[in-house]
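Trainee: Give me the fold of what follows.
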Amino acid sequence: MRRAPVGTAAVTALLLAAVAGCTGSTPSQDGAGPGAAPSSGGTATGAPGTGSSAPADPSAAAQPSGGGSSAGATDSITVAFAGDVHFEGRTASRLSAPAAETALGPISRTLAAADLSVLNLETAITGRGKAEPKTYTFRTTPKALGALRDAGVDVVSQANNHAVDFGPDGLADTLAAKASSPIPVVGIGKDAEEAYAPYVTTVRGVKVAVLAASQVNEITNQKWRAGEHKAGIASALDEAALVRAVTEARATAPVVLVYLHWGDEGVACPTGAQTGLAKKLAAAGATAVVGTHAHTMLGAGMLGRTYVAYGFGNFLWYGTSNYPGSDETGVTTLTVTADGRVTGEAFTPAHIDGRGVPVPQTGNAAKAAQQRRDGLRGCTGLAAAPK
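Mentor: Numbers count the residues shown, from 1 in each chain. Alright, predicted model coming up:
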């Protein structure tokens, strides 16, 4: 939501907002608590129209109309997305960031300026449990959720391959942290119903649903996939379950945002699994299908009426990586109309510094980063997003 991060900049921004009569407000949640399944209802419709610049795509030819009343809604809202976050290694100290900035550093201003912001917390939230037999395992404390809230983040996905790195005890602690979280956590739950359930909120009169799932086929998805009576993550490998969740969300809210963990590490072009799933979710009515995992940015653009971003890259990152472009990152901000059409895309380029913090780029460095990022669309088959 439009909210300034803590520190001197925050005070200044809040004063300016008050003088200007800022209309932004905390999104109200429809449901019992963070991650709660939305109640059904609403009669408003209005399927987005296909943009003239979008490629012909049968999967996007007949999106269902959205439910939920849009009466009194603004013309549009902004939604900001960022990539993978850890509080491990060099970034563990960010939980005690200096008072003048937040855990995510100065780019928090970009997240806080949006009406809604979403990123991926790629870690278990626990101090207990036995590590799973994998090369890398990550954990943090519940303090991370408050730190992200203070950095301007509104919704967190934990549908990823590190959310259950510390077994049943770690999963129990993570779910407890979710239950008491100051911000909504999606993509993980005590069972499949909760894991696939969207967070539904009304942002400046626009009803929005946010849900998440992981397509990464490794131990977490194989061993800790949520089931009817089993806790775990929402799996995008169960495409039928994910498509059903998106379809149901679209019947409730005209704006449906799907945050995925997907792609091949170090590969800057989408896989067949990614492109295939994106088409199915577009057909189910998703407004935006976005995600992370590859440790490098991938291309983004329009698939019919659906915005698709195949990879945001690392964001707050615990260590160095050997993958090309692994320190290139940024925030993608979409403008979305009340009936679910994407009418604008803006990218704020950043570079991960020696502390693991994403620092916004300026001048020629920002222009070069923007060009590199736009060039990644070449192997996606997507059309350019409106600016």
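Trainee: Secondary structure class of Gln274, three-state.
Mentor: helix (DSSP: H, G, I helix; E, B strand; the rest coil).
Trainee: Hmm, it is touching Gln215, no?
Mentor: Yes. Between Gln274 and Gln215 a contact is recorded at 7.2 Å, counting by C-beta atoms under 8 Å. In this view, the C-beta of every residue, glycine as well, is placed from N, C-alpha and C.
Trainee: what's the overlap in contacts for the two?
Mentor: Common contact partners of Gln274 and Gln215 (C-beta atoms under 8 Å, 6 or more residues apart in numbering): 262-263.
Trainee: more neighbours, these two?
Mentor: Gln274 (25 against 22; other C-beta atoms under 10 Å).
Trainee: who's in contact with that one?
Mentor: Gln274 touches 215, 262-263, 310, counting by C-beta under 8 Å, 6+ apart.
Trainee: Select from these the one having the most neighbours.
Mentor: Neighbour max across the contacts of Gln274 (other C-beta under 10 Å) = Tyr310, 31 neighbours.
Trainee: That residue contacts His293, correct?
Mentor: No. Checked against C-beta under 8 Å, the pair Tyr310 and His293 is beyond contact range at 9.9 Å.
Trainee: shared neighbours of the two, anything?
Mentor: Here Tyr310 and His293 share the contacting residues 262-263, scored by C-beta under 8 Å, 6+ apart.
Trainee: beta partners of Gly189?
Mentor: Gly232 (DSSP bridges).
Trainee: And it, how far from Ala245?
Mentor: 12 Å (C-beta to C-beta, to the nearest Å).
Trainee: Looking only at neighbour counts, state which of those two leads.
Mentor: Set side by side, Gly189 and Ala245 show more neighbours around Ala245, with 27 against 24, by other C-beta under 10 Å.
Trainee: element containing the more buried one, please.
Mentor: helix 239-252 (DSSP states H and E).
Trainee: What is the nearest of the contacts of Gln274 to Asn120?
Mentor: Within those, the smallest distance to Asn120 is 11.0 Å, found for Trp262 (C-beta to C-beta).
Trainee: What values do phi and psi take at the closest one?
Mentor: Here is the backbone geometry of Trp262 (degrees, to the nearest 10): phi -160, psi 170.
Trainee: wait, isn't it in contact with Leu237?
Mentor: No. Taking contacts as C-beta under 8 Å, Trp262 lies outside contact range of Leu237: 10.2 Å.
Trainee: who touches both of the two?
Mentor: With C-beta under 8 Å, 6+ apart as the test, Trp262 and Leu237 both reach 214-215.
Trainee: Quick one: the helices in the stretch 251-387 of the chain, in order.
Mentor: Here the stretch 251-387 of the chain has its helices, by DSSP state H, counting those that start in this stretch, at 272-284, 363-375.
Trainee: Just say which of those is most tucked in.
Mentor: Most buried of the helices of the stretch 251-387 of the chain, by mean neighbour count (mean count of other C-beta atoms under 10 Å): helix 272-284, with a mean of 20.
Trainee: Centre of the chain to it, how far?
Mentor: With C-alpha atoms, centre = their mean, to the nearest Å as the basis, helix 272-284 stands 17 Å off its chain's centre.
Trainee: Could you check the angle it makes with helix 239-252?
Mentor: Put simply, helix 272-284 runs at 30 degrees to helix 239-252, going by axes from the mean of the first three to the mean of the last three C-alpha atoms, to 10 degrees.
Trainee: could you dump helix 272-284 to PDB, C-alpha only?
Mentor: Provided in PDB are the C-alpha atoms of helix 272-284 (Å, rounded to 0.1, in the frame of the first residue of the first chain):
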ATOM      1  CA  GLY A 272       8.300 -25.000 -21.600                       C
ATOM      2  CA  ALA A 273       6.800 -25.700 -18.200                       C
ATOM      3  CA  GLN A 274       6.700 -22.000 -17.500                       C
ATOM      4  CA  THR A 275       5.200 -21.000 -20.800                       C
ATOM      5  CA  GLY A 276       2.600 -23.800 -20.700                       C
ATOM      6  CA  LEU A 277       1.500 -22.900 -17.200                       C
ATOM      7  CA  ALA A 278       1.300 -19.200 -18.000                       C
ATOM      8  CA  LYS A 279      -1.100 -19.900 -20.900                       C
ATOM      9  CA  LYS A 280      -3.400 -22.000 -18.600                       C
ATOM     10  CA  LEU A 281      -3.400 -19.400 -15.900                       C
ATOM     11  CA  ALA A 282      -4.100 -16.600 -18.400                       C
ATOM     12  CA  ALA A 283      -7.100 -18.600 -19.700                       C
ATOM     13  CA  ALA A 284      -8.300 -19.100 -16.100                       C
END
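Trainee: when you give positions from now on, start the count at 603
Mentor: Yep, numbering from 603; the last one is helix 874-886 now.
Trainee: Quick one: mean pLDDT for that helix?
Mentor: Average pLDDT, helix 874-886: 98.
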